[in-house]
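> fold the stuff below for me.
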Amino acid sequence: MSRTLPRWRQRPVIAAALIVLGLLTLLSATAAPAGAQTGPATTSDLTSTDPGSAGFVAVLKVSGLLDPVMVDTISHTVTDAQTQGARALVLQTNTTGVVVSDAAYVDLLNQISSSSVPVDVWVGPSGSALTGPGAQLVGVAREVGMAPGTRLGNSGPQPAGVNYLNPQRTALLRDRTVGSGEAKDGGITTADAPTIGDFLINLSGFESREETRDGQTRRLPVTQVQFNQLSLVSQLFHTVASPAVAYLLLTIGLALLIFELFTAGVGVAGVVGAGAFILSCYGLAVLPTNWWGIAAIALAMIAFAIDVQTGVPRFWTGAGMVLYVVGSLTLYDGLMVSWITLAVGIGGVAVTFFTAMPAMVRTRFSTPTIGREWMIGEMGRAVTAINPDGTVQMREGLWRAYTNRATPIDELDRVRVIGIEGLVLEVEPEEGAARDYRERGPKAAPTEETNGTSEGVHPR
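This next block holds a predicted model:
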């Protein structure tokens, strides 16, 4: 017979769903590139006397690692710029690594170099960098600009099969990085570009007009600018595929799942933990990882769980901490996690499993272990279905319980306690038990003789 969850049981599920949605939105928003728009691609407020003839220039913010999501977005934006008749496509870059296959990256570089719409690269704003294999983009770009305080270079060897437009740029940047001044002196950049506006207004084919105010002449754009960005879902997966976020999501997800093992029922912690763990799996699948680093973190959580159930940090907690530190330091192959991220992860795990989790377990099972024989024979109610394990309510407390597989108990049915093993109750349904609890030998209640027969008497 199907049962409908009572309202008090539905509320945690609804709350869990809202928390997961809020967590994902927060991760997406906090990791969005600086200055990124929060809506779909829009056109700037700049107007022209003849917008049709002035055309438009598309701008795409490229931030974070060049993962499958970002590479696919760049590819689609190049295609859209050609089909929509853009005058140019500008990649506003701040990236330090590439985590797609060599073949996929070569295909992207060739698509850019062969595009009928010129593709230009601007490194900015100040503090940004275009380093690692991502710097190969300047070799297939028409024009390159850098904001002051940015770095460009360490592009590595040129991949085979790429049709470079300016191979000398990447050759100069193979084993070193340069600032905006050095790049200008070396002929890598084509114009001063402190801001994206300065870079755009100096592009070939970008129309502008002069206006004099208060004796000063200024150049104002006529060509419109269309800013593009990742969609909300794409931004989420791009964020999850960053090393710091994937590492922290893995830690949070596993810790919350362990917490859920020692609470009654399936609550918010379990739902959020499962969501974080699933997202971390996607991120780790995209990023270059070491299997032994993942294995060390997984074994660490198993070790923590052994001691959590006792409520006291012991040997396994210390062993788990060592394994977790080793796993944190060796998780990625060729990628570095900042010391701040490592401090948050390691410090959070230490506090959780040395202090918070044991205290929670001691509070959860704080009923004295001596003198609980009174519970044998007591009646309670099943909070969850018990088949064979579940949760029951005895008086004002929640207990983990199990029953004979031959007599499963439905949610909200009345149950009788027939035994206690540690912190777990053995129960049976009020009627129709597979075996009467009074015939269980060592667990039978005390008996007294009545009219020549033995009759079980429950202690009260």
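> what's next to the helix or strand harbouring residue 168, contact-wise?
If you go by DSSP states H and E, residue 168 is part of helix 167-172. The set of residues external to helix 167-172 that reach it, using Cβ atoms under 8 Å, 6 or more residues apart in numbering, is 135-136, 138-139, 144, 155, 158, 164, 178, 186, 188. Where you see a C-beta, it was placed from the backbone N, CA and C, and this is true even at glycine.
> weed out the non-buried ones from those residues.
135-136, 138-139, 144, 155, 164, 178, 188 (16 or more other Cβ atoms under 10 Å).
> return the subset of those residues lying in strands.
Under the assignment DSSP state E, these contribute 144, 178 to strands.
> and the two most separated of the buried ones among the contacts of helix 167-172?
For these, the maximum inter-member distance is 18.3 Å, found between 164 and 178 (Cβ to Cβ).
> gap between the helix holding residue 168 and the chain center?
36 Å (Cα atoms, centre = their mean, to the nearest Å).
> against which helices or strands is the helix or strand containing residue 340 packed?
According to DSSP H and E, residue 340 maps onto helix 339-351. Counting contacts by 3 or more Cβ pairs under 8 Å, 6 or more residues apart in numbering; DSSP states H and E, helix 339-351 packs against helix 243-261, helix 315-330.
> identify each buried residue in it, please.
Across helix 339-351, burial judged by 16+ other Cβ under 10 Å covers 341-342, 345-346, 349.
> and for stretch 67-87?
Here stretch 67-87 shows 67, 69-71, 73-74, 77-78, 80-81, 86-87 as buried, counting by 16+ other Cβ under 10 Å.
> which stretches of the protein have low pLDDT?
Scanning the chain with the threshold set as pLDDT under 70 gives 1-54, 263-266, 362-373, 433-460.
> dump the residue contacts of the spatially most central residue of it.
Residue closest to the mean C-alpha point of the chain, counted by Cα atoms, centre = their mean, is residue 240 at 4.1 Å. Contact analysis of residue 240 by Cβ under 8 Å, 6+ apart lists 27, 246, 249, 279-280, 282-283.
> of these, buried ones?
For the contacts of residue 240, buried by 16+ other Cβ under 10 Å: 27, 246, 249, 279-280, 283.
> ok, so of these, who is nearest residue 210?
Comparing those against residue 210 with Cβ to Cβ places residue 27 closest, at 45.3 Å.
> any idea how far residue 391 is from residue 273?
The spacing between residue 273 and residue 391, counted by Cβ to Cβ, to the nearest Å, is 18 Å.
> pick out whichever of the two has more residues nearby.
Shown here are residue 273 and residue 391; by other Cβ atoms under 10 Å, residue 273 has more neighbours (22 against 19).
> give me every residue that touches the more buried one.
252-257, 259-260.
> do you know how far residue 67 is from residue 184?
31 Å.
> tell me which residues touch residue 249, please.
Per Cβ under 8 Å, 6+ apart, neighbours of residue 249: 240, 276-277, 279-280, 283.
> how about 10 Å then?
23, 27, 239-240, 275-284 (Cβ atoms under 10 Å, 6 or more residues apart in numbering).
> please name the nearest non-neighbouring residue to residue 217.
residue 210 (5.5 Å; Cβ to Cβ, 6 or more residues apart in numbering).
> which is the next helix or strand following the helix or strand in which the one you found is found?
Assessed by DSSP H and E, residue 210 sits inside strand 208-213. Following strand 208-213 in sequence order, the next helix or strand is strand 216-221 (DSSP H and E).
> just checking, what packs against that following strand?
Applying 3 or more Cβ pairs under 10 Å, 6 or more residues apart in numbering; DSSP states H and E, one finds that strand 216-221 contacts helix 196-201, strand 208-213.
> now the next helix or strand after that strand: buried residues?
Note on strand 216-221: by DSSP H and E, the next helix or strand toward the C-terminus is strand 224-228. For strand 224-228, the neighbour count (16+ other Cβ under 10 Å) marks 224-228 as buried.
> please apply the same query to stretch 177-188.
By neighbour count, and taking 16+ other Cβ under 10 Å as the criterion, the buried residues in stretch 177-188 are 177-178, 180, 182-184, 188.
> got the CA coordinates for it in CSV?
Below are the C-alpha coordinates for stretch 177-188, written out as CSV (Å, rounded to 0.1, in the frame of the first residue of the first chain):
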residue,chain,number,x,y,z
THR,A,177,56.3,35.5,-20.1
VAL,A,178,56.2,39.2,-20.9
GLY,A,179,54.4,42.2,-19.6
SER,A,180,52.5,44.7,-21.7
GLY,A,181,55.7,46.9,-22.2
GLU,A,182,57.9,44.0,-23.3
ALA,A,183,55.2,42.7,-25.6
LYS,A,184,54.9,46.1,-27.3
ASP,A,185,58.7,46.3,-27.7
GLY,A,186,58.8,42.8,-29.2
GLY,A,187,56.1,43.5,-31.7
ILE,A,188,53.7,41.0,-30.1
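> what comes into contact with it?
With Cβ under 10 Å, 6+ apart, stretch 177-188 has contacts from 123-124, 126, 129-132, 135, 138, 144-155, 166, 168-170, 172-173, 176, 189-194.
> and with 6 Å instead?
Stretch 177-188 is contacted from outside by 131, 146, 148, 151-154, 169, 172, 189, using Cβ atoms under 6 Å, 6 or more residues apart in numbering.
> any of the residues you listed buried? List them.
Members of the contacts of stretch 177-188 classed as buried by 16+ other Cβ under 10 Å are 131, 146, 151-154, 169, 172, 189.
> domain ranges for this structure?
Domain segmentation of the chain under automatic domain parsing yields 36-230, 242-364, 373-456.
> so what touches the helix or strand harbouring residue 298?
Using DSSP H and E, residue 298 sits in helix 291-308. The contact list for helix 291-308, computed with Cβ under 6 Å, 6+ apart, reads 254, 258, 313-314, 316-317, 319-320, 323-324, 326-327, 330-331, 353, 357, 361.
> and with 8 Å instead?
The contact list for helix 291-308, computed with Cβ under 8 Å, 6+ apart, reads 250-251, 254-255, 258, 261-262, 284, 313-317, 319-324, 326-332, 349, 353, 357-358, 361.
> mind listing the helices for the stretch 1-150 of the chain?
7-30, 51-54, 68-83, 102-113, 137-140 (DSSP state H, counting those that start in this stretch).
> what of the stretch 351-460 of the chain?
In the stretch 351-460 of the chain, the helices defined using DSSP H, counting those that start in this stretch lie at 357-364.
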